[in-house]
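> following is a predicted model, sequence given first.
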Amino acid sequence: MIVIEHLHVSYPKANKKAVDGLSLHVKKGEIYGLLGPNGAGKTSTIKVICGLMVATSGEVKVMAEAINTSKKKALTNIGLAPQEIALYPSLTAKENLRFIGEQYGISPSLLLERTEALLARFELLEKANQQVQNFSGGMKRRLNLIASLLHAPSILILDEPTTGVDVQSRAIIHDFLKSENEKGLTIVYTSHHLDEAERLCQRVGIVDHGKLLVEGSPQELLSKHDCPDLESVFISLTGRQSRDH
Amino acid sequence: MKRFLSAYRKDWLLITRDRAGLALLFIMPLALTVIMALIQDAPFKSFQNSAIEIGLVNLDTGESGKELVGGLHKIESFKLHDLEATEVLDGNRLIEDLGLQALLIIPADYTEELVASSNTRVLKLADADTEVIPGKLVEVYFDPALNLSFQELIKAHCNGVLSRIELQAFLASYSEVVPGISKDIDLSTLLPQGSLQVSGSKGKMESFAYNSVQHNVPAYAIFGIFFIALALSGNIIKERDDGSAMRLKLIPGSLWPLVLGRIIAYQSIAFIQAALVFLAGIVLMPMLGLPALDISGSIGGVVVIILASGLAAAGLGQLLGALFQSQQQAAATGAISIIILAALGGIWVPTFAMPEWLQTVSMVSPFNWAMGGFQDILLRGQGVVDILPETGLLVGFAVLCAAISVSRRA
């Protein structure tokens, strides 16, 4: 579904590469965890996959379409739930979703049907006519996720989807992801919650300094590195030094 | 079209739900219009209608002095105050003490000296070697704060009256030398009337003056319209900061429907805002003792200029939002540039009152184009066709700004 070959990304004025020769393949119907400390190159990689940034070199294909030549086609297959709550606070949940759906060109009847179904699925139907600024952090995260699903993408990319959410909201999100993945949705997932990645992802790739350090199923990585959990593997590969600069 | 309408609805909702921002957008231009119209009412009146306060001291006891006083009293733009002669006559002191704008002093023996001077002038006609005795001069003092054009006006009027009196005296002397010439001839039949004739104008300047309401209502309507650029740029930057802009970039298709939807939404607000300012000019100003705004010339023209100004302001907002990284940067730079463009565009001081080089610079200000359009309609009585150049400049400015912002966002 997503093929990344020898990807290099450099920012102007930066003295090191954000992504340095990264290659990875995300298979159809899997949940792939892209893990790494802050500044490892995860967000830059996601931005290139979504066509929000042009790679310095290398190739990225989404469903066999090169993102830099067939961006429009590739984008119709991608849904991105960004780390930020990319919604308008003074609009209601329904107004936000209506605007986004209309921009995707979804017909009014289909948009209404999808909006109601997704709001119900994420337990937000009762709050549909409330302004987003009055939502809790967890509710905003759920709505942020719904907004990226309206156009029924084949690939869902989640950038820290459970940051700042309560246990209940996290459970709702997890249940949804598992269920949609069973129906065939391909998911690329980045998170600092490694226990979450361990439970959800069929395969994970740990990146640091723009390079892919290891890749495999959580079980494979645990046995290969002889660690009790994914967090221990992560620490052993990326070190204990904080990256919060 | 659906994407455009959807973007328009979204931005309309965002603007109308920001109550504080909306209140500022509507109250600020209304308050400025009323306050500035009230403040500038007196200066506009003094420039247009008020008589000039002039003191007059006549130290002469003869006929010419009396005729001079009578002639000066007939000048409508003078408000003459006849003052008693004092022992020590200090013109500057009198002006300061009495709050006068000018003081005229007819010297003692003015008539006597004028007659003597006229006689020698008549004699000089027959004998070129005759020495002409100069007459006594009428003194004039000006308030140092009185502007030059008023000083010139006073001098011109006084010289007109003085010329008549001197001619009258000359004719009297001449009649005594040449038999058959009457010294009581009516000078109005003798003097040439001049070749200048005021024949009115195509516009409305004859029917009413350029008063403070007629200037300040369109001026602050434009000022308010351009302030929407700050609100618009702020929303663009907020959209970029909170990730909404990134989500929009993920949607396949052109950015133009989104940009146009936003521009038209803000333009709609600008239109309502300007309509309220104009309404205040018509209804509120007379309640405050000011003249009512007259837009009877071409309401269609007023609407066209408001719409074009709204477009230009929204285009400027798009540009500010695309150029700056933070709301603080955009707000500070935007506010300063709007104030500078407004000053250059003749919002506070009409451009005709500026130095010539500044008038040339002011031609690059969209405020000047908008103000020019309003003046064409409100003062010169022109129609929609006549304001097409100004409208074209404003729309062109909006398109240029929007194109730059789209290319930067893309």
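Cool, got the structure.

> which helix or strand in chain A has the lowest average pLDDT?
Counting by mean pLDDT, DSSP states H and E, the weakest-scoring helix or strand in chain A turns out to be helix A:230-238, with a mean of 79.

> if you count contacts, what does that one end up packed against?
The contact analysis (3 or more CB pairs under 8 Å, 6 or more residues apart in numbering or on different chains; DSSP states H and E) places helix A:230-238 against helix A:194-200, strand A:203-208, strand A:211-216, helix A:218-225. The C-beta positions use only the backbone N, C-alpha and C, and glycine is treated the same way.

> wasn't B:V303 part of a strand?
No - under DSSP: H, G, I helix; E, B strand; the rest coil, B:V303 sits outside any strand and is assigned helix.

> in the stretch 1-150 of chain B, which residue sits closest to chain A?
B:S6 (3.7 Å; CB to the nearest CB).

> state the pLDDT value of that residue.
With respect to pLDDT, B:S6 has a value of 93.

> distance of it from B:E166?
In this view, B:S6 and B:E166 are 82 Å apart by CB to CB, to the nearest Å.

> got it, and B:D129?
22 Å.

> neighbour count winner among these two?
Ranked by neighbour count (other CB atoms under 10 Å in any protein chain shown), B:D129 and B:E166 place B:E166 first, with 18 against 6.

> list the contacts of that one.
B:E166 makes contacts with B:114, B:118, B:135, as judged by CB atoms under 8 Å, 6 or more residues apart in numbering or on different chains.

> can you give me the neighbour number for the second one?
Spelled out, that is B:S118. The number of residues near B:S118, taken as other CB under 10 Å, comes to 24.

> go on, the first one?
Neighbour count for B:L114, taken as other CB under 10 Å: 26.

> returning to what we had before: restrict the contacts of B:E166 to those near chain A?
Contacts with chain A are made by none of those, judged by CB under 8 Å from any CB of the partner chain.

> kindly export stretch B:55-63 (C-alpha atoms) in PDB.
Extracted C-alpha coordinates of stretch B:55-63, given in PDB (Å, rounded to 0.1, in the frame of the first residue of the first chain):
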ATOM      1  CA  GLY B  55     -10.600  94.400  13.400                       C
ATOM      2  CA  LEU B  56     -10.800  97.800  11.800                       C
ATOM      3  CA  VAL B  57      -9.400 101.100  13.200                       C
ATOM      4  CA  ASN B  58     -10.100 104.200  11.200                       C
ATOM      5  CA  LEU B  59      -7.900 107.100  12.300                       C
ATOM      6  CA  ASP B  60      -8.900 109.200   9.300                       C
ATOM      7  CA  THR B  61     -11.600 111.800   9.500                       C
ATOM      8  CA  GLY B  62     -12.000 112.400   5.700                       C
ATOM      9  CA  GLU B  63     -14.400 111.000   3.100                       C
END
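
> which residues sit against that stretch?
When contacts are defined by CB under 8 Å, 6+ apart, stretch B:55-63 is touched by residues B:65-66, B:68-69, B:72, B:80-85, B:89, B:94-95, B:98, B:100, B:102-112, B:114.

> and if we set it to 6 Å?
Identification of contacts with stretch B:55-63 by CB atoms under 6 Å, 6 or more residues apart in numbering or on different chains yields B:65, B:69, B:80-83, B:85, B:94, B:100, B:103-108, B:110-111.

> coming back round to it: and the contacts of B:E166, which of them are in strands?
Per DSSP state E, strands hold no members of the contacts of B:E166.

> residues from chain A in reach of chain B?
A:50, A:72, A:75-76, A:80, A:82, A:84, A:86, A:90-91, A:99, A:102-104 (CB under 6 Å from any CB of the partner chain).

> on that earlier part again, how many neighbours does the residue of the stretch 1-150 of chain B closest to chain A have?
Per other CB under 10 Å, the neighbour tally for B:S6 reads 20.

> for the strand or helix carrying it, which helices and strands make contact with it?
Counting by DSSP states H and E, the element that carries B:S6 is helix B:2-17. Counting contacts by 3 or more CB pairs under 6 Å, 6 or more residues apart in numbering or on different chains; DSSP states H and E, helix B:2-17 is packed against helix A:93-103, helix B:256-279.

> who touches A:G205 in this structure?
Contact analysis of A:G205 by CB under 6 Å, 6+ apart lists A:24, A:34, A:212, A:215.

> let me know the pLDDT of it.
A:G205 is given a pLDDT of 90.

> and the spatially closest residue to it that is not a sequence neighbour, how far is that from A:Y32?
Ranked by CB to CB, 6 or more residues apart in numbering or on different chains and with sequence neighbours excluded, the top spatial neighbour of A:G205 is A:E215, at 4.3 Å. Shown here: A:E215 relative to A:Y32, a distance of 9 Å by CB to CB.

> tell me which of these two has more neighbours.
A:Y32 (24 against 18).

> what's the first helix or strand after the strand or helix carrying the more buried one?
Using DSSP H and E, A:Y32 sits within strand A:31-35. Next along the chain after strand A:31-35, taking DSSP H and E as the criterion, comes helix A:42-49.

> and the angle for that next one with strand A:203-208?
Per axes from the mean of the first three to the mean of the last three CA atoms, to 10 degrees, the angle that helix A:42-49 makes with strand A:203-208 is 110 degrees.

> which other helices and strands contact whichever helix or strand comes after helix A:42-49?
Toward the C-terminus, helix A:42-49 is succeeded by strand A:57-62 as the next helix or strand (DSSP H and E). Contacting strand A:57-62 under the criterion 3+ CB pairs under 6 Å, 6+ apart are the following elements: strand A:2-9.

> would you indicate which residues of the strand it packs on are buried?
A:2, A:4, A:7-9 (16 or more other CB atoms under 10 Å in any protein chain shown).

> picking that back up, tell me which of the helices and strands packed on helix A:230-238 is the most buried.
Scoring these by mean neighbour count under mean count of other CB atoms under 10 Å in any protein chain shown gives strand A:203-208 as the most buried, with a mean of 23.

> how far out from the middle of the chain is that strand?
Distance of strand A:203-208 from its chain centroid, counting by CA atoms, centre = their mean, to the nearest Å, is 14 Å.

> likewise stretch A:8-18?
22 Å.

> where does the stretch 151-300 of chain B get nearest to chain A, which residue?
Counting by CB to the nearest CB, the stretch 151-300 of chain B gets nearest chain A through B:G243, at 3.1 Å.

> ok, now how distant is that residue from A:N96?
For B:G243, the distance to A:N96 - CB to CB - is 12 Å.

> with A:L119 instead?
A:L119 is 11 Å from A:N96, by CB to CB.

> from memory B:D143 sits against B:L94, does it?
No - using CB atoms under 6 Å as the test, B:D143 is too far from B:L94 to be in contact (10.6 Å).

> got any ranges where the chain has weak pLDDT?
You didn't pick a chain, so chain A it is. A:240, A:242-245 (pLDDT under 70).

> that was the other one, I meant chain B.
For chain B (pLDDT under 70), the answer is B:42-50, B:87-88, B:181-210, B:297, B:409-410.

> what sits against B:A402?
B:259, B:315, B:318.
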